[in-house]
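Visitor: Coordinates for the following, if possible.
(2 chains)
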Amino acid sequence: MSDIRVRFAPSPTGKVHIGNIRAAIYNWLYARHTGGRFLLRVEDTDLERSTPEAIRVLIDCMKWLGLDWDEEVFYQTGNVKRHLECVDKLLASGRAYKVEKTSRDGKTGTVTMFRMPKEGVIEFDDIVKGKMSKKAEDVQDFAIVRSDGSPIFHIANVVDDIDQRVTHVIRGDDHVENTFKHIEIFKALGAPVPRYAHLSMIVNQQGKPYSKRDGAAFVGEFRDQGYLPDALFNYLLLLGWNPGDGREVLSREEMVELFDLEKVHVTAARFDIKKLAWMNGEYVKRMPEADFLRELRERAASAGLDVSGRADGWWKALAGQLQIRTKFLSDMPGNCAFFFTEDFAFDPKAVEKRLKKEGVPELLEDLADRFEKIEPFTAAAGEESVKELSAGQGMGPWVHPVRVAVSGRMEGPGLFEMLELLGKDVVARRLRSAAARLRAGTL
RNA sequence: GGCCCCAUCGUCUAUCGGCUAGGACACGAGGUUCUCAUCCUUGUAAGAGGAGUUCGACUCUCCUUGGGGCUGCCA
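Guide: The predicted model follows:
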């Protein structure tokens, strides 16, 4: 175990978005890679905008992504006493002073300001951005205590980092300018300055920065849409870092082993939902069979489908058919509903293209007769039977109408596997029913 | 306006002075196949512009342009 300590320090003023959570991912990975500790600190000093709900959502999303932290959650508001003690020290040493101010929204009162040096250069060596420097005169004095006596972010953030013995601050790019201020506070307080790593932003598909109000960027939204946490995790990691050998889909273990702050990119990355979708498909394909099966059963059941009376082997066969065809787990109940109910929808285009043809009702009935004679009714036997009919020609003309008649759609599992799963009786009934409806013109 | 940062295919990126500029996603074509998906093969597509350094610049320097961040009693 190293003595490296990093923290993810979000402010719970809105739903946690992908930019935030990527900072958490990088912090977590760095801690796990170095054998250090990953801390979670809730920066809730903005009393007006922080909400318990946001904290709950944040923790929920972190758990979903497997971002576990190593010590008790640290609430910034719980450390106010210490913040103010430090302010007193700064006041005593002359590095802070009180002043009468009028805020933007018209409040007038006494605030405590931190005094920046008026000359010299402030510099730090950012792990991702390299050497950063700024003339002290270019940084204004700034408020650290509000007129109501509550500490402001800058002082709270630094004091908490001192108290939590944070060694590496890994955070968003939007904090670079603050770093010049914070370094001065660390020094004024006689504390060691941590190492910094500033992460570039993730921009949206229009190339513009995400804002907290950007609903689509909320982490929970991805879960609701059927994305796998590991896929999101992997994709977000790739947005700003890669192992350098071309690998993209990485196991959590590989990520931990290979992650390196030095190789994090300086440039902003654009979020590409299509690549995330591809990544998700990769993860679905790689899911252990048993996990996919469990998801399938749960999702089918909670979609209100009658999933009773099915053997384990049946489920396994169904899962085998569905897994490589599934990009989003949330699509599953819809895509396999016809296995469980007679009340499935017919895709009008499929009906038009495959069923509304001369001779199709007769064909379906003929096949129903043939299938009924097969015992046992297996995929292989079904295929054999259709092969005989098609006499060495392509099976398309027989296969396509059957597929639509029993499932209502043009795409899906292998036809004969599907027929076996449905069972002889159901298949025969649906073929006859489709034939009848075609004749009656009700399809 | 001031200060700071950034710039390779449409997107994510490799390259750390030798490049016929590689990979992935997306898109196109072909193959496998009962559909879809998977899988395999394959195509289109990039170094913002201008100076300089150098035998040689995508790689180093400067300028321009473009983008972004900060400039709160938000974080």
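
Visitor: Below-threshold pLDDT in the stretch 151-300 of chain A: ranges please.
Guide: Per-residue confidence of the stretch 151-300 of chain A (counting by pLDDT under 70) places the weak regions at A:211-216.

Visitor: residue ranges of the strands in it, please?
Guide: Assigned by DSSP state E, counting those that start in this stretch, the strands in the stretch 151-300 of chain A fall at A:168-172, A:195-199, A:202-203, A:269-270.

Visitor: Just tell me which of those ends up closest to RNA strand B.
Guide: strand A:269-270 (3.4 Å; CB to the nearest atom of the strand). Heads up, the C-betas are built off the backbone N, CA and C, glycines and all.

Visitor: for the closest one, the distance to its chain's centre please.
Guide: Computed by CA atoms, centre = their mean, to the nearest Å, the separation of strand A:269-270 from the middle of its chain amounts to 16 Å.

Visitor: how many neighbours does A:Trp64 have?
Guide: The local packing of A:Trp64 (other CB atoms under 10 Å) involves 16 other residues.

Visitor: wait, it sits on A:Asp230?
Guide: No: counting by CB atoms under 8 Å, A:Asp230 is not a contact partner of A:Trp64; they are 10.3 Å apart.

Visitor: Give me the nearest residue to the most centrally placed residue in chain A, chain neighbours excluded.
Guide: The centroid of chain A falls nearest to A:Leu232 when counting by CA atoms, centre = their mean (3.8 Å). Taking CB to CB, 6 or more residues apart in numbering, and ignoring the residues beside it in sequence, A:Leu232 has A:Phe222 as its nearest neighbour in space, at 5.3 Å.

Visitor: and that neighbour, how far is that from RNA strand B?
Guide: The span separating A:Phe222 from RNA strand B equals 16 Å under the rule CB to the nearest atom of the strand, to the nearest Å.

Visitor: for A:Asp46, same thing?
Guide: In this structure, A:Asp46 lies at 4 Å from RNA strand B, with CB to the nearest atom of the strand as the measure.

Visitor: Include distance to RNA strand B and mean neighbour count when you put the strands of the stretch 151-300 of chain A into JSON lines, please.
Guide: Putting the strands of the stretch 151-300 of chain A into JSON lines (distance: least, CB to the nearest atom of the strand, whole Å; neighbours: other CB atoms under 10 Å) gives the following:
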{"stretch": "strand A:168-172", "distance to RNA strand B": "8", "mean neighbour count": "22"}
{"stretch": "strand A:195-199", "distance to RNA strand B": "8", "mean neighbour count": "22"}
{"stretch": "strand A:202-203", "distance to RNA strand B": "7", "mean neighbour count": "19"}
{"stretch": "strand A:269-270", "distance to RNA strand B": "3", "mean neighbour count": "15"}
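
Visitor: Would you format the ones you listed as a markdown table with distance to A:Ser150 included?
Guide: Supplementary listing: these in a markdown table, determined by distance: least, CB to CB, whole Å:
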| stretch | distance to A:Ser150 |
| --- | --- |
| strand A:168-172 | 22 |
| strand A:195-199 | 26 |
| strand A:202-203 | 31 |
| strand A:269-270 | 36 |
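
Visitor: neighbouring contacts of stretch A:93-100?
Guide: Contacts of stretch A:93-100 from elsewhere in the structure, counted by CB atoms under 8 Å, 6 or more residues apart in numbering, are A:87, A:90-91, A:108-115, A:144, A:188.

Visitor: Taking those together, which two end up most distant?
Guide: The span of those, defined through CB to CB, is set by A:Thr108 and A:Ala188 at 27.3 Å.

Visitor: So between the two, which is more surrounded?
Guide: A side-by-side neighbour count of A:Thr108 and A:Ala188, using other CB under 10 Å, places A:Ala188 first with 20 against 9.

Visitor: The more buried one reaches A:Leu90, doesn't it?
Guide: Yes: A:Ala188 lies in contact with A:Leu90 (CB under 8 Å); the separation is 5.9 Å.

Visitor: where do the contact lists of the two overlap?
Guide: In contact with both A:Ala188 and A:Leu90: A:Phe114, using CB under 8 Å, 6+ apart.

Visitor: May I see the buried residues of stretch A:390-409?
Guide: Neighbour counts using 16 or more other CB atoms under 10 Å place A:395, A:398-409 of stretch A:390-409 among the buried residues.

Visitor: filter the residues you listed down to the ones near RNA strand B?
Guide: Of the entries in the buried residues of stretch A:390-409, the ones placed beside RNA strand B under the rule of CB under 7 Å from any atom of the strand are A:Met395, A:Val399, A:His400, A:Arg403.

Visitor: Pipe those residues into TSV and attach secondary structure and pLDDT per row.
Guide: Conversion of those to TSV gives the following (DSSP: H, G, I helix; E, B strand; the rest coil; pLDDT from 0 to 100):
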residue	secondary structure	pLDDT
A:Met395	coil	85
A:Val399	helix	93
A:His400	helix	94
A:Arg403	helix	96
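
Visitor: follow-up on the earlier one: can you verify my assumption that the residue nearest to the centre of chain A contacts A:Leu67?
Guide: No: look at A:Leu232 against A:Leu67 with CB under 8 Å: they stay out of range, at 11.3 Å.

Visitor: who touches both of the two?
Guide: Common contacts of A:Leu232 and A:Leu67 (CB under 8 Å, 6+ apart): none found.

Visitor: remind me which residues of the stretch 1-150 of chain A are low pLDDT?
Guide: Residues of the stretch 1-150 of chain A meeting the criterion pLDDT under 70: A:1.

Visitor: do that again at 80, thanks
Guide: Within the stretch 1-150 of chain A, the stretches falling below the threshold (pLDDT under 80) are A:1, A:104-107.

Visitor: sorry, back to before: now for the buried residues of stretch A:390-409: which two are most distant?
Guide: By the measure CB to CB, the buried residues of stretch A:390-409 have their two most distant members at A:Met395 and A:Gly408, which lie 19.9 Å apart.

Visitor: Now do the contacts for A:Lys181.
Guide: A:Phe114, A:Met116, A:Val139, A:Phe142, A:His154.
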